[in-house]
Structures are given as structure tokens and as C-alpha cells.
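Chemist: just to be clear, the model below is a prediction. Sequence and coordinates:
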Amino acid sequence: MIGFERSEYPTFSNVLLHVNGAEVKPINNQKDGAATLIFDETNKDLHFSVIDGQHRINGAYLAMKIRHEDKPGDKWEIPAEIFLDLDDADAPPRHQAQIFIDVNFYQKKVDRSLVADLFPTARGKRGPLDDKERAQDVGRKLMLEVGPLVGMIQIPGIKFGVKDVVTLATLNSAIEDVLEAMVKANIRSLEEQTEFLAQCLDAWLEATGRKQDIVGSEKLDPSNVVYQGRVLVSFLTLLPACIWTLTKTHVVPISDDARAVLVKWLGGLMDRAGVLEKGKFIPKERFKTKGYLGSGGIGRFRDTLWAAAIGTQDIAKLGVEQKNQLAESNKSKVYAQLAKL
């Protein structure tokens, strides 16, 4: 996609030139069409200057000099955008300076989710080298092929997915953090890891009572926060506890029985955490009132979930410090058990 920032001189090329003492000759007399740049190399009034792309031009020049040692007749044509006579040859380069500012100061990076989606494509047939690349593969399958979030995960750069649902980059980062726990549980292949995560996500959404909010619509209920990045990522930190819960019941980790166990356990967890009202996850305003939005909100929400992960105690009325201490204690217990697998 090509998009323009607000600029006095919108640009499309990464090599920008300014020329005095030349002219353009329209091709086929098309006033606003393609044209040929005409100049006389011997003209004393001819001046070329590079507004942006000096390093690319210098690198190309060096590369061609090296290539000419073996193939002296080779040429390399570089696409460039050329501005004619914006500044006089003997005047300060005011317009050229503005173009440089527009191009380099106001540029935006592409969305991380767009890049995340491209990594698996760029790798071709080779397998992932590390957990980061495996997480990219799993996230992409969850976005396109398997589980309750197919077609919903956002890639904002190309407006893919459903507004207010977790972005691909955010999801990938959360997946990377829990890959080790799945490996410890002997969930190792790409297909198994994707299926297990899809099952856990489906169980979470089912237990929230909010899964049906999106059915038959391309929009999310504004009060529904369970699909948001902060909530789904917080749930995914519980994946080790999901595995621990399943090992205690001795069910096959990827199965209808396992899903049923997780739905029941997660429903009880959310009830103890005080985030369910009449069988549904609290709406956005209540979520905000409880301090789970804004600075430090995501940490408080994760502590709340982990504090309710073990036992039958209602922890909703505990203070922030008490929840944090209980959360850390529960994490230690779960990870200690997983270490024995």
C-alpha cells in the first residue's frame, strides 16, 4: 500500500533529485503523463543535487564500479523522483530542505502486525530458527486457519480483522512467552501448539459468556473487552496454569474433554476474581472502574487472574498488594509442578 503524509511535496520514490538547467519532454504530447528528462551535460547552468537517497546512489555507484571490472558494459537504472527548478542554482535550497523534512521527519513505520505477517512469507520453506519465529507461525495460523479468532485478529496497516480485537503482533508476543510451557507438556509440533492454543482461547471466550457477541457481525459490542489485546494476552499468561489443570484431571490435552475442563475451571476462576456479572465478563466501564485500564492496569488484571487460579477463595475484595503476593505464590506453585513434567 502507498499512503501519503501531509506534505507540501508528496513523494513515492526513495531517491529524490533536484535539477536546474534541464527540461522535460512529454511522451506522446501527454501533458500530465510520462515524460523524458532532457539535459545537456556541457551546459554550465546544469546542476544535479540529491535531496534524499545519497547513500543508495553511492552504494549503487560502488556496486557498478565493482561489476564493471568483469562486465564493463553493464548499466543500472535506478527509479528516481526528479524536481525541476524548485530552487535557483545560486539560492538557498529552501524547497529541497522542506522535502527532506517531509520525507524523513514525518515518516511513520509500518504497523508491527503487518511486518509480523510477512516474516513467515519471507522465510520461504525453512523452519523457524527460534521461539520468535515459531510464534509468528502459530499466530498466523490462529489468524487465518484455526480457532475462534480466525478473520478477527487485526493487522491495522491493511485494515484486516475486527476493530478492538487483539492485533497480530500483540498476540505473537504473548504466544512466544508460553511456548516453553507447551514444550514441557510435550505439545511440540506447529499443528499441536496451534490446536492447543485455539482450544484454550475458545474455552476462555466460552467461559466469559461473551463469545456470541461477535457471531453474525463484523463489529464488536463496544462493551465487550474480552477480545482486546490486554485481556487476551493476560489470559495467555495463564497457559501454564491451563496445562497444570489438565494434567491433574489426566485428560488428553487436545480434546473435547480438555476443552470442557478448561471452560469449567476458567468460569470458576473469573467468578472468584470478580470479573463475571450474571454469567458474563464485566463490560468495559466496570473493567475501567476496577482499575484494569490505564497505567498499570494490565499488571493488576494479570495479578487478579493468577490470584484466582488456585483454590476456591473469592479474591475480588483483596487489595492490590495482596493480589500480587497471591499471584506470585500461585505462579511459583504452577511452574514448580510443570518443571516435574
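Modeler: Happy to help now that I have it. Because the structure is a prediction, the values reported are computed rather than measured.
Chemist: switch to C-alpha atoms for all contacts and neighbour counts from now on
Modeler: Noted.
Chemist: how about the helices in the stretch 151-300 of the chain?
Modeler: For the stretch 151-300 of the chain, helices defined by DSSP state H, counting those that start in this stretch occupy the ranges 168-184, 190-208, 229-236, 239-249, 256-273, 284-289, 297-307.
Chemist: report the buried residues of the last one.
Modeler: Okay, so that is helix 297-307. By 16 or more other CA atoms under 10 Å, the buried positions in helix 297-307 come out as Gly297, Ile298, Arg300, Phe301, Arg302, Asp303, Thr304, Leu305, Trp306, Ala307.
Chemist: now swap in the longest one and tell me
Modeler: For helix 190-208, the buried set under the neighbour-count rule, 16+ other CA under 10 Å, comprises 192-208.
Chemist: and the contacts of it?
Modeler: 134, 137-139, 141-142, 146-148, 179, 182, 187, 211, 226, 235, 239, 242, 253-254, 259-260, 262-264, 266-267, 270, 276, 279-281 (CA atoms under 8 Å, 6 or more residues apart in numbering).
Chemist: any of those residues buried? List them.
Modeler: Buried among the contacts of helix 190-208 (16+ other CA under 10 Å): 134, 137-139, 141-142, 146-148, 179, 182, 187, 211, 226, 235, 239, 242, 253-254, 259, 262-263, 266-267, 270, 276, 280-281.
Chemist: ok so Val19 is a strand residue?
Modeler: Yes - the assignment for Val19 is a strand, going by DSSP: H, G, I helix; E, B strand; the rest coil.
Chemist: save the buried residues of helix 297-307 as TSV, and put in distance to Pro26 and pLDDT too.
Modeler: Formatted as TSV, the buried residues of helix 297-307 follow (distance: CA to CA, whole Å; pLDDT from 0 to 100):
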residue	distance to Pro26	pLDDT
Gly297	60	95
Ile298	59	95
Arg300	65	97
Phe301	64	97
Arg302	64	97
Asp303	67	97
Thr304	68	97
Leu305	68	98
Trp306	69	98
Ala307	72	97
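Chemist: closest one to Asn29 out of those residues, please.
Modeler: Ile298 (62.2 Å; CA to CA).
Chemist: hang on, isn't the closest one packed against Tyr292?
Modeler: Yes - counting by CA atoms under 8 Å, Tyr292 is a contact partner of Ile298 at 5.8 Å.
Chemist: nearest residue to Val225 in space, please, no chain neighbours.
Modeler: Lys284 (5.9 Å; CA to CA, 6 or more residues apart in numbering).
Chemist: distance of the one you found relative to Ala308?
Modeler: 21 Å (CA to CA, to the nearest Å).
Chemist: does Ile214 touch Asn224 like I think?
Modeler: No - using CA under 8 Å, Ile214 makes no contact with Asn224, being 9.4 Å away.
Chemist: what about those two, which has more around it?
Modeler: Set Ile214 next to Asn224 and count neighbours by other CA atoms under 10 Å: Asn224 wins out with 22 against 15.
Chemist: and the nearest residue to the more buried one once chain neighbours are set aside, how many neighbours does it have?
Modeler: Closest residue to Asn224 in three dimensions, ignoring its sequence neighbours and counting by CA to CA, 6+ apart: Pro283, at 5.7 Å. Residues lying near Pro283 (other CA under 10 Å) number 18.
Chemist: show the contacting residues for Pro283.
Modeler: Ser223, Asn224, Val225.
Chemist: dihedrals phi and psi, Asp52?
Modeler: Asp52 adopts backbone torsions of phi -150, psi 140, taken as degrees, to the nearest 10.
Chemist: who does it bridge with?
Modeler: In this entry, Asp52 is beta-bridged to Leu16, by DSSP bridges.
Chemist: who's in contact with it?
Modeler: Asn14, Val15, Leu16, Leu17, Phe100.
Chemist: got the residues you listed as a markdown table, with neighbour count, distance to His55 and pLDDT columns?
Modeler: Below are the contacts of Asp52 laid out as a markdown table (neighbours: other CA atoms under 10 Å; distance: CA to CA, whole Å; pLDDT from 0 to 100):
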| residue | neighbour count | distance to His55 | pLDDT |
| --- | --- | --- | --- |
| Asn14 | 16 | 11 | 77 |
| Val15 | 19 | 10 | 89 |
| Leu16 | 22 | 12 | 91 |
| Leu17 | 18 | 13 | 92 |
| Phe100 | 15 | 14 | 85 |
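Chemist: now the residues you listed as JSON lines including distance to Gln337?
Modeler: Shown next, in JSON lines, are those (distance: CA to CA, whole Å):
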{"residue": "Asn14", "distance to Gln337": "55"}
{"residue": "Val15", "distance to Gln337": "58"}
{"residue": "Leu16", "distance to Gln337": "61"}
{"residue": "Leu17", "distance to Gln337": "64"}
{"residue": "Phe100", "distance to Gln337": "58"}
